[in-house]
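K.L.:
Take a look and give me a structure for this.
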Amino acid sequence: ATTRTSCPWDETGLVPFPSGTSHVDVTLSTNTKVLLSSGTTITGKLRVPAGAELIFADTSFELVARSIILNGRLRVGSPTCRTSAGTQHTITLTGSRSDA
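P.N.:
Here you go, the predicted structure:
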């Protein structure tokens, strides 16, 4: 088995994604690393501003949002730490092109 190193979900200083399974709009704080570890529905926009990171945990879940505005980073694993076999992350966008 390959040893996984530098897993993003194991970094120190991670902030948990806002609790609850349903949100209207979510804007991550600048200069934060936010860990999403379970499914959530955002009926509005998810904003990841420059300097912010949204990190997916090594668990299967679905993220549903009308739109995602990504000026920061989205990380799912790393070159030295792939997600576990069978882990699935689903992103479902429910809005239209004009919602962006």
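
K.L.:
For the rest of this, base every contact and every neighbour count on C-alpha atoms.
P.N.:
Will do.

K.L.:
quick one: strands adjacent to the least confident helix or strand in the chain by mean pLDDT?
P.N.:
When the helices and strands of the chain are scored by mean pLDDT, DSSP states H and E, strand 22-23 comes last with a mean of 83. Applying DSSP bridges, strand 22-23 is found paired with strand 40-48 (parallel).

K.L.:
Sort out which residues of the partner strand are buried, please.
P.N.:
40-48 (16 or more other C-alpha atoms under 10 Å).

K.L.:
What of stretch 56-64?
P.N.:
Those would be 56-58, 60-61, 63-64, for stretch 56-64 by 16+ other C-alpha under 10 Å.

K.L.:
Quick one: low-confidence residue ranges for this structure.
P.N.:
1, 99-100 (pLDDT under 70).

K.L.:
Pull the number of nearby residues for Leu36.
P.N.:
22 (other C-alpha atoms under 10 Å).

K.L.:
now do Ser96
P.N.:
9.

K.L.:
can you tell me how far it sits from Ser22?
P.N.:
Distance, Ser96 to Ser22, using C-alpha to C-alpha, to the nearest Å: 20 Å.

K.L.:
circling back to that earlier point, any chance of the buried residues of strand 40-48 in a markdown table with distance to Ala85 as columns?
P.N.:
Formatted as a markdown table, the buried residues of strand 40-48 follow (distance: C-alpha to C-alpha, whole Å):
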| residue | distance to Ala85 |
| --- | --- |
| Thr40 | 22 |
| Thr41 | 25 |
| Ile42 | 27 |
| Thr43 | 30 |
| Gly44 | 31 |
| Lys45 | 30 |
| Leu46 | 27 |
| Arg47 | 29 |
| Val48 | 27 |
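
K.L.:
out of the residues you listed, who's nearest Thr27?
P.N.:
The closest of the buried residues of strand 40-48 to Thr27 turns out to be Arg47 (C-alpha to C-alpha; 4.6 Å).

K.L.:
If the closest one is in a bridge, with which residues?
P.N.:
Thr27, Ile69.

K.L.:
ok, it to Ile91 distance?
P.N.:
Taken as C-alpha to C-alpha, the span from Arg47 to Ile91 is 14 Å.

K.L.:
so Phe61 touches Thr21, yeah?
P.N.:
No: with contacts counted by C-alpha atoms under 8 Å, Phe61 stays clear of Thr21, the gap being 11.5 Å.

K.L.:
Alright, calling it a day.
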